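*Asks:* output the structure for:
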Amino acid sequence: MAGSARPSGATRLGEDAMYFTRQTEIAISILTLCARQSGGYITAQAIAGQISASTESVERIISLLLRNGLLRSPCQQCGVQLAVDPEGVSLGALLHITQPSLLRPAREKKRAKPPLTVFNLVVEAASSNFLRLAERYTVADFLDGRTPSARYATRARSPALQASPALRQQDCRGN
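*Replies:* Purely as a prediction, here's the structure:
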């Protein structure tokens, strides 16, 4: 996955499209690590150490994922755990949370629409396809042992997951 720096050669039209920001990469890593915990809790410090990110960055993304109902945590000392089925969280849903500007219709973006040229049409089509592809893959696809298969060629995902942020909280003992 690409980093958060703008890719070389990105146009103004596609500068916020067709790549994952570092925030999205960290979110995918957090959700994947939590899915591997099999119901256990993992701390921000442990996650940061495993994905080579600062604890502060991980805590910021954890907060975002908690607010959107993808993680749960009974207390800060306990860590976090996955609050949803990893098969039910598409990359598109995650992009909706971490890179909302990708999903905003062009007319709502603040910058002026570029002139209609063949190149700009290609960039728009590629961006649209990128988002459609993101809907085909889930957090579960990032778990160890998963291999791509022919089902991805035709598989379609439902619209972005709208997880409820009001999930039942448990204490550190699982109660």
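*Asks:* so the nearest residue to Thr55 once chain neighbours are set aside is in which element?
*Replies:* Leaving aside its sequence neighbours, Thr55 sits nearest to Ala48 (Cβ to Cβ, 6 or more residues apart in numbering; 4.4 Å). For glycine as for every other residue, the C-beta is placed from the backbone atoms N, C-alpha and C. Per DSSP states H and E: Ala48 is located in helix 44-51.
*Asks:* neighbouring contacts of that helix?
*Replies:* The set of residues external to helix 44-51 that reach it, using Cβ atoms under 8 Å, 6 or more residues apart in numbering, is 26, 29-30, 33, 53-55, 57-59, 62, 79-80.
*Asks:* at 6 Å instead, please
*Replies:* Defining contact as Cβ atoms under 6 Å, 6 or more residues apart in numbering, one finds that helix 44-51 is touched by Ser29, Ile30, Leu33, Thr55, Val58, Glu59, Ile62.
*Asks:* listing request: residues of this structure with sub-threshold pLDDT.
*Replies:* 1-18, 103-114, 144-175 (pLDDT under 70).
*Asks:* I'd guess Cys34 is in a strand, am I close?
*Replies:* No. Counting by DSSP: H, G, I helix; E, B strand; the rest coil, Cys34 is not found in a strand; it is helix.
*Asks:* distance of the nearest residue to it once chain neighbours are set aside from Val123?
*Replies:* Spatial nearest neighbour of Cys34, chain neighbours left out: Leu82 (4.1 Å); criterion: Cβ to Cβ, 6+ apart. Going from Leu82 to Val123 by Cβ to Cβ, to the nearest Å gives 35 Å.
*Asks:* who has more neighbours, these two?
*Replies:* Per other Cβ atoms under 10 Å, whichever of Leu82 and Val123 has more neighbours is Leu82, with 24 against 20.
*Asks:* look up phi and psi at the more buried one.
*Replies:* Dihedral pair for Leu82: phi -70, psi 130, per degrees, to the nearest 10.
*Asks:* correct me if wrong: it contacts Ala35.
*Replies:* Yes. Leu82 is within contact range of Ala35, at 5.3 Å (criterion: Cβ atoms under 6 Å).
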